[in-house]
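Below are the sequence and a predicted model; questions follow.
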Amino acid sequence: MMKDFLCLSDWSLADLEKMFALAKELKAKQKAGEAHKLLEGQTLGMLFEKSSTRTRVSFEVGMFQLGGHALFLSSGNTQMGRGEPIKDTARVMGRYCDGIMIRTYSQAAVEEFAEYCDAPVINGLTDMYHPCQIMADLMTVQEHKEDYRNLKYCWIGDGNNMANSWINAAAIFGFELRVATPKGYEADAAVIARAEKAGAKLIFTNDPKEAAAGADVLNTDVWASMGQEEEQAEREKAFVGFQINSELVKMAAADCVVMHCLPAHRDEEITDEVIEGPNSIIFDEAENRLHVQKAIMASLMAK
Ligand code: CP
Ligand code: NVA
């Protein structure tokens, strides 16, 4: 097992599938009210340099359900926010906590933190990746579809942290991934090159309709991610036509599922009608953050 969960590409298909199996088991136990205190007496430190609802709550609740404790630290209130080096904070927190979850801007910062921290480190989102979300997304697809590795997935919208992580997932799980982004908003070139080298079935287009045609899974995210708020107006212009709406859903497979990591800007990148419609599995997806992250934490932290 790897020490840290920083990027999906660090992990093997076999290990990720073990995590899905554990997540399914822990979800069933949670629903049945059966104890599953795999991390009794352990503490997760959670460091946030960006906002969060789902990530913060699901990690904190997850640790409680596993018999442990989670503590929330926002960078503004830590010495890190006043310039204490990452390598010092990482070594100190690693001596207090049994695991660390970080949400920040730079992937390099998370990697440096993990290098200096003796405890396992989990990436709770960077500008580059959102691996916990993809794990929740794939767990959700498995609950709604047979043979999740043999479906046609499509990403419509910004080539952001979620798109990069989907591209990593395509390389590991072997499914076809169509990626439709406006010109100038493509996913990370190095991520694409690595996935292509690993044999990923990737199709890139600037036409959302081409990507959606016959697809089994439609996925999108906000047009301006955290840290890009000042680009909102410019992006709204660039992303015209990239909305998941009922017209686009009709072009996909009749039984397609629609996903969004949330928070959503309703009637911008996805319509209110589609979020609330029969193809949406968005709230199952949000719930599964809890179950899959419990499996990730237990896999990394259980003594
Ligand atoms: N999807 C997701 O990571 O949500 P939060 O930003 O609310 O944590
Ligand atoms: N791409 C979004 C995801 C939020 C969960 C962001 O980084 O803001």
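Yes, it's here. Ligands and ions are numbered 1, 2, ... in the order given.

the strands in this protein, which residues?
43-48, 69-74, 99-103, 121-123, 152-156, 176-180, 201-205, 217-220, 257-260 (DSSP state E).

my guess is residue 265 meets residue 223, correct?
Yes: the pair formed by residue 265 and residue 223 meets the contact definition of Cβ atoms under 8 Å, at 7.4 Å. Heads up, the C-betas are built off the backbone N, CA and C, glycines and all.

Report the central residue of this structure.
The chain has residue 133 as the residue nearest its centroid, 2.1 Å off, counting by Cα atoms, centre = their mean.

dump the residue contacts of that one.
125, 162, 165, 261, 289 (Cβ atoms under 8 Å, 6 or more residues apart in numbering).

More neighbours: which of residue 265 and residue 223?
Remark: of residue 265 and residue 223, residue 223 carries more neighbours, 24 against 14, as counted by other Cβ atoms under 10 Å.

mind checking how far the nearest residue to residue 95 once chain neighbours are set aside is from residue 16?
Once flanking residues are discounted, residue 95 sits nearest to residue 118: 7.1 Å by Cβ to Cβ, 6 or more residues apart in numbering. If you measure residue 118 against residue 16 using Cβ to Cβ, to the nearest Å, the figure is 24 Å.

Same drill for the two, tell me which one is more crowded.
Set side by side, residue 118 and residue 16 show more neighbours around residue 16, with 22 against 13, by other Cβ under 10 Å.

Which residues of the stretch 101-250 of the chain lie near ligand 2?
125, 160, 161, 162, 221, 222, 225, 226 (Cβ under 6 Å from any ligand atom).

Which of those residues are buried? Put it as a ChimeraX command.
Only the buried members of those enter the following ChimeraX selection, criterion being 16 or more other Cβ atoms under 10 Å:
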select :125,160,161,162,221,222,225,226
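
Would you mind confirming that residue 59 is in contact with residue 44?
Yes: in this structure residue 59 lies within contact range of residue 44 using Cβ under 8 Å: 6.4 Å.

who touches both of the two?
By Cβ under 8 Å, 6+ apart, the residues touching both residue 59 and residue 44 are 70, 101, 297.

gap between the first one and residue 261?
Spelled out, it's residue 70. Counting by Cβ to Cβ, the gap from residue 70 to residue 261 is 21 Å.
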